[in-house]
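K.L.:
Mind folding the following:
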Amino acid sequence: MRKFMYSLAVLAAFSLAGCGGSDKGSDPKPAEAKPASAKPAPAAPQAAEALLLSLIPEPPTADGCLKVLVSGSGKADYRWAVNGQELSGQSGNTLCQGFRRGDEVLVSVRDGKRTGEKRVTIANAPPRITEVSVNADGIQKRADLVVKPTVIDVDDDLVELRYQWYVNGEADPFLTGDTLPAGKYARGDKLRFTVVATDGRAESKLYQSEAAAIANAPPQIVSQPPQRFEAMEYSYQLKARDPDGDKLTYKFEKAPAGMTVNRATGLVVWPLAGVKAGVYPVKIVVSDPDGATAFQEYTLTLGAPAAEKKP
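P.N.:
From the prediction side, this is the model:
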């Protein structure tokens, strides 16, 4: 009996030792494993922001410079290429040479990390009329009027010129050349003309002249006085014409004594009997009814008469 009780005591002690002295009567939960800390994924490289470019003029032609405009850009670097060939020494925002009609021009721009490019094809340039002249003296003479334009075509195209003359505001369908014939205008008319140049693809700006009123034209003296004479009377038929067909009158402004001029015909007569040797100035004035004048001035020199031969 004593031996049994001892074994029971030992068993109880073992049971208490197996409980680990805990008063809760349950095993603790195993600790949860902490996940390993994850490294952040590398950021994807960002694409460079594109610059917005534009080229002026539009359309671009060889008749002038190309200029690139960059939206919101500060200081930038520029590179130009024509037909795939980069142009050396062209680093600004303007290109003024090295291209012609049909060429492909590329401009590349970099502003820090931002880049951009613009590609254009050079278009046809219309011809330009840079100057127009007219033989204005022809109006005074009532001669043919001829227009002479100066035309530039940077593409070296064959240029055709078209004209139109207007007389008193009316366009004459037969006056479409560079010349206005003398018989097509008269005193009192108002004249003007237009001219345009074309290269077959494009036209220049229309050139329009100012209207010109045809005023009275002065007479024109068309004869020369004789400088040698042997008779005892000096005679000179002065000849003059009036562009407007007016009747002319003649008078002296300066003449030696005894010299006369016919006011209607212009015939100058000077009897030389008794006239002493010397130099005699002459000035003849021709007038039309509107008071326009022309004059001719010259001198006559008389020598001493030859001595009579003795018999």
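K.L.:
okay, CA-based contacts and neighbour counts for the rest of this
P.N.:
OK.
K.L.:
can I assume V105 sits in a strand?
P.N.:
Yes: the assignment for V105 by DSSP: H, G, I helix; E, B strand; the rest coil puts it in a strand.
K.L.:
And the pLDDT at the closest residue to D111 other than its chain neighbours?
P.N.:
Residue nearest to D111 in three dimensions, not counting chain neighbours: A76, with 4.5 Å by Cα to Cα, 6 or more residues apart in numbering. If you check A76, the pLDDT there is 88.
K.L.:
Distance of A76 relative to S108?
P.N.:
Using Cα to Cα, to the nearest Å, we find A76 at a distance of 10 Å from S108.
K.L.:
which residues touch T121?
P.N.:
T121 makes contacts with 60, 101-105, as judged by Cα atoms under 8 Å, 6 or more residues apart in numbering.
K.L.:
mind saving the C-alpha coords of stretch 157-167 as PDB?
P.N.:
Output in PDB follows, covering the C-alpha atoms of stretch 157-167 (Å, rounded to 0.1, in the frame of the first residue of the first chain):
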ATOM      1  CA  ASP A 157      11.500  80.700-114.000                       C
ATOM      2  CA  LEU A 158      10.500  82.200-117.400                       C
ATOM      3  CA  VAL A 159       8.300  85.100-116.600                       C
ATOM      4  CA  GLU A 160       5.400  86.500-118.700                       C
ATOM      5  CA  LEU A 161       4.200  90.000-118.200                       C
ATOM      6  CA  ARG A 162       0.600  91.100-118.800                       C
ATOM      7  CA  TYR A 163      -0.500  94.700-119.200                       C
ATOM      8  CA  GLN A 164      -3.700  96.700-119.300                       C
ATOM      9  CA  TRP A 165      -4.000 100.400-120.300                       C
ATOM     10  CA  TYR A 166      -6.900 102.600-119.100                       C
ATOM     11  CA  VAL A 167      -7.900 105.800-120.900                       C
END
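K.L.:
can you tell me the average pLDDT over that stretch?
P.N.:
On average, stretch 157-167 scores 98.
K.L.:
Quick one: residues in contact with it.
P.N.:
So stretch 157-167 is in contact with 127, 153, 171-173, 175-178, 180, 185, 189-200, going by Cα under 8 Å, 6+ apart.
K.L.:
hmm, which of these are the buried ones?
P.N.:
Among the contacts of stretch 157-167, those buried by neighbour count (16 or more other Cα atoms under 10 Å) are 127, 153, 175-176, 178, 180, 185, 190-199.
K.L.:
Pick out whichever of A76 and S108 has more residues nearby.
P.N.:
Taking neighbours as other Cα atoms under 10 Å, A76 and S108 compare with S108 leading, 18 against 15.
K.L.:
looking at the sheet around that one, what are its partners?
P.N.:
S108 has these beta-bridge partners by DSSP bridges: R79, E117.
K.L.:
Run through the residues that contact it.
P.N.:
If a contact means Cα under 8 Å, 6+ apart, then S108 has 78-80, 115-118 as its contacts.
K.L.:
Try it again at 6 Å.
P.N.:
The contact partners of S108, by Cα atoms under 6 Å, 6 or more residues apart in numbering, come to 78-79, 116-117.
K.L.:
Just put those residues in JSON lines and tack on neighbour count and distance to T301.
P.N.:
Formatted as JSON lines, the contacts of S108 follow (neighbours: other Cα atoms under 10 Å; distance: Cα to Cα, whole Å):
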{"residue": "Y78", "neighbour count": "18", "distance to T301": "83"}
{"residue": "R79", "neighbour count": "18", "distance to T301": "83"}
{"residue": "G116", "neighbour count": "17", "distance to T301": "90"}
{"residue": "E117", "neighbour count": "19", "distance to T301": "87"}
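K.L.:
Would you check which pair of the residues you listed lies furthest apart?
P.N.:
Using Cα to Cα, the pair of these lying farthest apart is R79 and G116, separated by 10.8 Å.
K.L.:
mind giving me the domain split of the protein?
P.N.:
Domains of the chain are assigned by automatic domain parsing as 53-121, 128-213, 220-302.
K.L.:
follow-up on the earlier one: so which of the contacts of stretch 157-167 belong to strands?
P.N.:
171, 180, 190-198 (DSSP state E).
K.L.:
out of the residues you listed, who's nearest I214?
P.N.:
K190 (6.1 Å).
K.L.:
So the closest one sits against N168, correct?
P.N.:
Yes: counting by Cα atoms under 6 Å, a contact exists between K190 and N168, whose distance comes to 4.8 Å.
K.L.:
Please enumerate the strands of the stretch 1-150 of the chain.
P.N.:
Ranges of strands in the stretch 1-150 of the chain, per DSSP state E, counting those that start in this stretch, are 53-56, 66-70, 77-82, 85-86, 94-95, 104-111, 114-121, 128-134, 145-152.
K.L.:
Name the residues of the helix or strand containing Q296 that are buried.
P.N.:
Assigned by DSSP states H and E, Q296 falls within strand 293-302. For strand 293-302, a neighbour-count test (16+ other Cα under 10 Å) marks 293, 295-296 as buried.
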